[in-house]
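# I would like the atomic coordinates for the input below:
(chains A and B)
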There are 2 protein chains.
Amino acid sequence: MATWKPVPFRDVSLEGRFWAPRLRVNREATIPHEYLQCKETGRVDAFRLDWKPGVEPKPHIFWDSDIAKWLEAASYSLATHPDADLDALVDLVVALVASAQQPDGYLNIYFTAVEPERRWSNLRDAHELYCAGHMIEAGVAHFEATGKRALLHVVCRYADYIDSVFGREPGKKRGYPGHEEIELALVKLYRATGEDRYIRLAQYFVDERGQRPRYFDLEHDENADEWQSDRRARYSQSHLPVREQDAAVGHSVRAMYLYSAVADLAGETGDADLLAAGRRLWEDVTGRHMYITGGVGSSASNEGFTTDYDLPNPTAYAETCANVGLVFWAHRLVQLDCDGRYTDVLERALYNGVISGVSTNGKKFFYANPLASNGRAHRADWFGCACCPPNVARLLASLGQYVYSVAPGEVAVHLYAEGSGRLVVDGHPVTVRQHTDYPWDGEVALALGLSAPARFALRLRIPDWCRGAAARVNGQEIDVAAATERGYARIAREWRDGDRVELSLPMPVERVYAHPDVAEDFGAAALQRGPLVYCFESVDNPGVPLPHTLLPREGAFTATFDPEVLGGVVVVNGTGAAVEDASVEGGLYRTRRPELRTVALKGVPYSVWDNREPGAMRVWLREV
Amino acid sequence: MATWKPVPFRDVSLEGRFWAPRLRVNREATIPHEYLQCKETGRVDAFRLDWKPGVEPKPHIFWDSDIAKWLEAASYSLATHPDADLDALVDLVVALVASAQQPDGYLNIYFTAVEPERRWSNLRDAHELYCAGHMIEAGVAHFEATGKRALLHVVCRYADYIDSVFGREPGKKRGYPGHEEIELALVKLYRATGEDRYIRLAQYFVDERGQRPRYFDLEHDENADEWQSDRRARYSQSHLPVREQDAAVGHSVRAMYLYSAVADLAGETGDADLLAAGRRLWEDVTGRHMYITGGVGSSASNEGFTTDYDLPNPTAYAETCANVGLVFWAHRLVQLDCDGRYTDVLERALYNGVISGVSTNGKKFFYANPLASNGRAHRADWFGCACCPPNVARLLASLGQYVYSVAPGEVAVHLYAEGSGRLVVDGHPVTVRQHTDYPWDGEVALALGLSAPARFALRLRIPDWCRGAAARVNGQEIDVAAATERGYARIAREWRDGDRVELSLPMPVERVYAHPDVAEDFGAAALQRGPLVYCFESVDNPGVPLPHTLLPREGAFTATFDPEVLGGVVVVNGTGAAVEDASVEGGLYRTRRPELRTVALKGVPYSVWDNREPGAMRVWLREV
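As a prediction, the model looks like this:
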């Protein structure tokens, strides 16, 4: 039923002054930096399997996944930007990984070199199938990027072995991963190889999840207390059979990967129950649990979901991996029916809570992405648990795939960005050339290249943040409102080489308000311009006590591109109301309302905060 | 140096329509209810020491303290309201307690009946000295209330035994309690008996606390990691020697009891370092860690203090015991120099976060006292850890002691309440009769009764919440501002029988603002009238969505005594701005500011919330 297919990233170029520098930094700084970190921390050489008790560093249960995600990112980079040195390095690492594969196909550093006797003994906590999933994704990526089958062969052998271990057949373990990931990876492997057994195994893992008795209770001999069992199971979304779930619970990265696999499977099989569950979960996540930045999973305590509308700003967890996972999930859903509500969230997360995860120099990373700081939250070079850095790297290195989709007789433009895409619609090659300064500006000109005229519908996404979109086809105005269905303006006609579509997406600075049940933001506003959420940082607002600043209800913010700020961003300028210093003095409680003074406020995109000198940051300001 | 002495509660009557019903309920409902709960849960009979392994209920390490606090409350009640049945019951319980005392003087249910081999083995966690402290307080209370020495004798023997176990002398343990309490109890025992060794033991416990190496690290063989050791030590304020401390940390009840003992010892000994430490801690607690209700200890996770200005409302812990402890501490400090800043806090806590701990019928109790609820926070009949209910009971049963103090040539009136006090100033008996409807009204008439004229200064507290206080002596206006020093208007003259002082404390409904560093309350206001903090409850505001309600910056609230509400309270009425239902609909984020509608708001004193049908409650409303 998934009638839409993303146009592969290797057929899409992303240029222009927003993405080109970021993608270059990802290629030239982040991917090498991450390899060095992996190398220096022992993650690469751990595949030699020569660890001895007492030696530090001791391989960790999720190291395989760090290397796998790096391989995936590096492979994507090779696909768009051939680089002989990187290619050789990737081959070396692939050979090292392959050398660690056991005769039966098993492949895991920790459970080969450190605790071989405990293989598959702690599916709940030990990340074994999670690591397998990431290596499978790497194998598919490496094959598709380079045509080389070395790693694909390894992961097929591993997947076949896993298939022999897990399932409902007699003699197999009826387990499933504590940290989901392998499900979506197996769908990728199925698509790359055409082998049904991989999608059947993915389906098994999704369907078995949450069945009674709970596998993890049996595994840990802990099924005595129903309440405790339930609490533990919610952490990994194994409290209920997946198709019965309707609320996002537990660890948010796990949830995003599971939900992505649910969308994949529903798309491949047309399973209506699974699709319905996925849509219920989408409504829950995006309607009650998502930050304005597209961050999900508000609490550090469970790295995940809490109660409805619980979205604290300074302690926001909003793990970079979870935000990346939300992009993965949205992207899969939008292929099912090309509904803009998924793309709107994809864009929100991508432009805010995802790319905030990496510094502008590409070498520092946020694990949590708070929406307010008093100056203590900063990116780090690396993490003991280093899931986030390579997750952003692999997403950016394959970013082109999010721009276009095709379906029979249809072309969808999901994202706007300077660059071009090579598509095939009903067998006709079509190039789409976008000329735009998006997201700094909402004017987009699309030029079509065709070898011969072809009839198809072009769907142009009209973002949810935009009101008053206008479009012209070859200079002739079209009625956007009338043409728009589910968030896309659909223009069906015979297209000819050189046809030109101009789209105007008015992009004023707007105040955004949260649902009033978000207690933290009640009475507050945030600024957004186009897809970009803004924030205020001390460095741009010297002398303004941001934690003591309100936003007057009246007063507009202006937007200006400033080439001097952060390599060139649109800054917003307006007026705030800060508590007078004299009104800060005094005890905890006073009967005098704090006196306010007018202050100039300057905001920058949230995604680039904390790239200059440390200080306070605020996304939401309470209105006065 | 403690020149001021509280007038004992047995010499003070509290009448009038605010306190009389509460004290009657405490006597007639709470104290009997608490005995029944203790009896039914096995706490009383546990003193028979006949527990056998496998039998439920198994005595708990803090059960002794529940009985002790009940004995203390019951004794105070007997002192003011003789009751033969209660007297007999108390004698029975005292006999039972006495029967559990071991030949060496030791007295503890758990470590006699359950784990006798582990006596004094876990001072950090096992509440052994804490229980001892409460029993000592009970012994002193019972003796002072009834003149009976049975329990006093028991606790003296126990204290003597403890004195033989702990100290710096060779062969003694250099330990101190994990949960402070015995320190202030030993000062009470010293005052009741005149035996110096008890105050020396209290001084030892305070002085030894926080010395290196840390006793609790040695006890648990856990001193390897400095950071961990420090973190653990902060929980029980044993991270630093007490006289070096300047910030409130850790478990808040422990802190309040320790700080109370510090004030006691500083008062008894004139120890300037200890006094200075206590004052620094006071500034920290009341300047950065106290709710407007006088609640302290904002986090459930450590039942205690967190970072400066971290005062979340819906999750406020503000344990009833901690708020009671703040009253104890303030009361001790005010005896040192009769400074109204202590009494102001005492009154704030007493009228708000302390009496909120018990329902108007006296039989339900809050452990935590949140300042906002969406309808799920309710009082309970009892708790597994039942420290709070008898703590409020003992405070209320001895409430009179907080009203007056005397010093050579001085009489201080700390609190205003209908009733009278019998004082002795420089050997002259003086009665003070207060006629007032306080806190419902700020008019207070004080009539003095003397057998002969006497020269002394009468200090009348001018509360910090009051502006424009006026006073007349025998009808003649005095200049209150000129007469006021450190929060008390001091009127020195020769007083004669029948002299009359009239005090007018204007009591408008006022908006209170928090220090702007209290992020939770930034931009918000609370209502206070006199000492009473107000809150809004759903039951009084049908149709008003309190979690979606703002407070317009303009607009006064009026105060009216309503005999129909909660047995008669002053309600406040004014106008709020609630989000229109239509503006609640929609997604998480919108560019339309929520539309507001004007709603009538009715508030009741915070102390009586959750005594009617369940629903939302708010103390703070953000202003608009």
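# so after the lowest-mean-pLDDT helix or strand in chain A, what's the next helix or strand?
Taking mean pLDDT, DSSP states H and E as the measure, chain A has helix A:226-235 as its least confident helix or strand, at a mean of 92. Heading C-terminal from helix A:226-235, the first helix or strand you meet, by DSSP states H and E, is helix A:252-269.
# so is that next one next to chain B?
No - on the criterion CB under 8 Å from any CB of the partner chain, helix A:252-269 is out of touch with chain B, staying 15.7 Å away. Using the backbone N, CA and C atoms, a C-beta is placed for each residue, glycine as well.
# repeat for stretch A:319-334
No - remark: stretch A:319-334 sits outside contact range of chain B, by CB under 8 Å from any CB, the gap being at least 13.2 Å.
# the closest residue in space to residue A:486 that isn't next to it in sequence and chain B, how far apart?
Leaving out its chain neighbours, the residue that sits closest to residue A:486 by CB to CB, 6 or more residues apart in numbering or on different chains is residue A:339, at 4.5 Å. When distance is defined by CB to the nearest CB, to the nearest Å, residue A:339 is 14 Å away from chain B.
# residue A:229 versus residue A:339, what's the distance?
37 Å (CB to CB, to the nearest Å).
# which of the two has more residues huddled nearby?
residue A:229 (20 against 15; other CB atoms under 10 Å in any protein chain shown).
# verify the contact between the more buried one and residue A:218 for me.
No - if you go by CB atoms under 8 Å, residue A:229 and residue A:218 don't touch, sitting 10.5 Å apart.
# how about stretch A:398-410 as PDB, C-alpha atoms only?
Taking C-alpha atoms only, stretch A:398-410 is exported to PDB below (Å, rounded to 0.1, in the frame of the first residue of the first chain):
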ATOM      1  CA  SER A 398      21.400  11.100   3.500                       C
ATOM      2  CA  LEU A 399      19.300  14.200   3.800                       C
ATOM      3  CA  GLY A 400      18.400  14.300   0.100                       C
ATOM      4  CA  GLN A 401      15.900  11.400   0.400                       C
ATOM      5  CA  TYR A 402      13.500  13.600   2.400                       C
ATOM      6  CA  VAL A 403      13.000  16.100  -0.300                       C
ATOM      7  CA  TYR A 404      10.900  14.300  -3.000                       C
ATOM      8  CA  SER A 405       8.700  11.300  -3.400                       C
ATOM      9  CA  VAL A 406       7.100   9.800  -6.500                       C
ATOM     10  CA  ALA A 407       4.100   7.600  -7.000                       C
ATOM     11  CA  PRO A 408       2.300   6.600 -10.200                       C
ATOM     12  CA  GLY A 409       1.400   9.800 -11.900                       C
ATOM     13  CA  GLU A 410       2.600  11.900  -8.900                       C
END
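# contact partners for residue A:25?
A:360-362 (CB atoms under 8 Å, 6 or more residues apart in numbering or on different chains).
# quick one: buried ones out of those residues?
Neighbour-count burial within these applies to A:360, A:362; the criterion is 16 or more other CB atoms under 10 Å in any protein chain shown.
# who in the stretch 401-550 of chain A is up against chain B?
A:465, A:510-519, A:522-523, A:525, A:528, A:545, A:547-548, A:550.
# name the SS class of the residue positioned nearest the centre of chain A, please.
Most central in chain A under CA atoms, centre = their mean is residue A:324, positioned 1.5 Å from the mean C-alpha point. Recorded secondary structure, residue A:324: helix (DSSP: H, G, I helix; E, B strand; the rest coil).
# model confidence for it, exactly?
Note on residue A:324: pLDDT of 98.
# in the stretch 51-200 of chain A, which residue sits closest to chain B?
residue A:56 (17.6 Å; CB to the nearest CB).
# neighbours around that residue, how many?
6.
# got the phi and psi for it?
phi -110, psi 150 (degrees, to the nearest 10).
# for the stretch 301-450 of chain A, what spans make up the strands?
A:372-373, A:404-407, A:410-413, A:419-425, A:428-436, A:443-450 (DSSP state E, counting those that start in this stretch).
# turn these into a markdown table, including mean pLDDT.
Output for the strands of the stretch 301-450 of chain A, formatted as a markdown table (pLDDT from 0 to 100):
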| stretch | mean pLDDT |
| --- | --- |
| strand A:372-373 | 98 |
| strand A:404-407 | 98 |
| strand A:410-413 | 98 |
| strand A:419-425 | 97 |
| strand A:428-436 | 98 |
| strand A:443-450 | 98 |
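# would you list those strands in TSV and tack on mean neighbour count?
Output for the strands of the stretch 301-450 of chain A, formatted as TSV (neighbours: other CB atoms under 10 Å in any protein chain shown):
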stretch	mean neighbour count
strand A:372-373	23
strand A:404-407	22
strand A:410-413	24
strand A:419-425	19
strand A:428-436	18
strand A:443-450	18
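# of all those, which lies closest to residue B:470?
strand A:372-373 (46.1 Å; CB to CB).
# now for that closest one, which elements pack on it?
Secondary-structure packing of strand A:372-373 (3 or more CB pairs under 8 Å, 6 or more residues apart in numbering or on different chains; DSSP states H and E): strand A:617-618.
# what residue ranges in the stretch 1-150 of chain A score low on pLDDT?
Scanning the stretch 1-150 of chain A with the threshold set as pLDDT under 70 gives A:1-2.
# show me the contacts for residue A:29.
Residue A:29 touches A:361-363, counting by CB under 8 Å, 6+ apart.
# what's the distance between it and residue A:599?
For residue A:29 relative to residue A:599 (CB to CB), the value is 36 Å.
# cool, residue A:220 as well?
With CB to CB as the criterion, residue A:220 and residue A:599 are 56 Å apart.
# and what of residue A:83?
48 Å.
# with residue A:299 instead?
33 Å.
# circling back: ok, now which ones touch the residue nearest to residue A:486?
So residue A:339 contacts A:333, A:486-487 (CB under 8 Å, 6+ apart).
# pLDDT added to those residues, as JSON lines?
Shown next, in JSON lines, are these (pLDDT from 0 to 100):
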{"residue": "A:333", "pLDDT": "98"}
{"residue": "A:486", "pLDDT": "97"}
{"residue": "A:487", "pLDDT": "98"}
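# for those, which one is nearest residue B:115?
Nearest member of the contacts of residue A:339 to residue B:115, counting by CB to CB, is residue A:333, at 58.7 Å.
# run a quick neighbour tally on that closest one.
The burial count for residue A:333: 28, using other CB under 10 Å.
# the residue nearest to it when sequence neighbours are not counted: neighbour count?
Nearest residue to residue A:333, sequence neighbours excluded (CB to CB, 6+ apart): residue A:342, at 4.3 Å. Neighbours of residue A:342 under the rule other CB under 10 Å: 25.
# ok, the residue in the stretch 151-300 of chain A that chain B sits nearest to - how many residues close by?
Nearest residue of the stretch 151-300 of chain A to chain B: residue A:292, at 5.4 Å (CB to the nearest CB). Number of residues near residue A:292 (other CB under 10 Å) recorded here: 25.
# do the same with residue A:566
17.
# for the helix or strand harbouring residue A:575, buried residues please.
Applying DSSP H and E as the criterion places residue A:575 in strand A:569-579. For strand A:569-579, burial by neighbour count (16+ other CB under 10 Å) applies to A:569-574, A:576-579.
# so which of those reach chain B?
Okay, of the buried residues of strand A:569-579 touching chain B (CB under 8 Å from any CB), that's residue A:579.
# distance from the chain centre to stretch A:522-537, please.
Distance of stretch A:522-537 from its chain centroid, counting by CA atoms, centre = their mean, to the nearest Å, is 20 Å.
# pLDDT of that stretch, averaged?
98.
# hey, C-alpha coordinates of that stretch in PDB?
Provided in PDB are the C-alpha atoms of stretch A:522-537 (Å, rounded to 0.1, in the frame of the first residue of the first chain):
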ATOM      1  CA  PHE A 522       0.800  28.600  29.600                       C
ATOM      2  CA  GLY A 523       0.700  32.300  29.100                       C
ATOM      3  CA  ALA A 524       4.000  32.200  27.100                       C
ATOM      4  CA  ALA A 525       4.900  32.600  23.500                       C
ATOM      5  CA  ALA A 526       7.700  31.400  21.300                       C
ATOM      6  CA  LEU A 527       8.800  32.900  18.000                       C
ATOM      7  CA  GLN A 528       8.900  31.000  14.800                       C
ATOM      8  CA  ARG A 529       9.700  32.100  11.300                       C
ATOM      9  CA  GLY A 530       9.000  29.600   8.500                       C
ATOM     10  CA  PRO A 531      10.100  26.200   9.900                       C
ATOM     11  CA  LEU A 532      12.600  27.800  12.300                       C
ATOM     12  CA  VAL A 533      11.900  28.100  16.000                       C
ATOM     13  CA  TYR A 534      13.900  31.000  17.500                       C
ATOM     14  CA  CYS A 535      15.500  31.500  20.800                       C
ATOM     15  CA  PHE A 536      17.200  34.200  22.800                       C
ATOM     16  CA  GLU A 537      20.700  33.800  23.900                       C
END
